[in-house]
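Q: Test case, fold it:
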Amino acid sequence: QEAKPSAEDLGDKKEGEYIKLKVIGQVSFYGVPMNSLRFLFEGQRITDNHTPKELGMEEEDVIEVYQEQTGGHSTV
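A: Presented below is the predicted three-dimensional model:
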């Protein structure tokens, strides 16, 4: 099992960088464009600028990731 650094060890900025690297690694593995993903915490869309501290995140909180879908309306 991979040891994960804690927020206390890294500080907010480095923790955010760690999370971003993990996401980018998964995106390139699955071939999903990064700009098509939307990240939500407690129903609020989050951006690159947000930190876990700003969002009031605690240990074991979850960020939901959705692939943006456009269109879907069909004229028959």
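Q: Beyond the one helix or strand in the chain whose mean pLDDT sits lowest, next helix or strand please.
A: Sorted by mean pLDDT, DSSP states H and E, the helices and strands of the chain end with helix 7-30, the least confident at a mean of 62. Downstream of helix 7-30, the next assigned helix or strand under DSSP states H and E is strand 37-41.
Q: buried residues in that next one?
A: Within strand 37-41, the residues that count as buried by 16 or more other C-beta atoms under 10 Å are 39, 41. Yep, even glycine has a C-beta here, placed from its N, CA and C like the rest.
Q: list the helices and strands that strand packs on?
A: strand 44-46, strand 64-67 (3 or more C-beta pairs under 8 Å, 6 or more residues apart in numbering; DSSP states H and E).
Q: Distance to H73 and mean pLDDT added to those strands, as CSV?
A: As requested, the helices and strands packed on strand 37-41 are exported to CSV (distance: least, C-beta to C-beta, whole Å; pLDDT from 0 to 100):
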stretch, distance to H73, mean pLDDT
strand 44-46, 23, 92
strand 64-67, 18, 86
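Q: Redo those as CSV? Include mean neighbour count.
A: CSV is the format used below for those (neighbours: other C-beta atoms under 10 Å):
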stretch, mean neighbour count
strand 44-46, 12
strand 64-67, 11
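Q: which one of those strands lies closest to Q26?
A: Closest approach to Q26 among the helices and strands packed on strand 37-41 is made by strand 64-67 (9.1 Å; C-beta to C-beta).
Q: Name the residues that touch stretch 55-67?
A: If you take C-beta atoms under 8 Å, 6 or more residues apart in numbering as the criterion, stretch 55-67 is touched by 23, 32, 36-42, 44, 46, 52.
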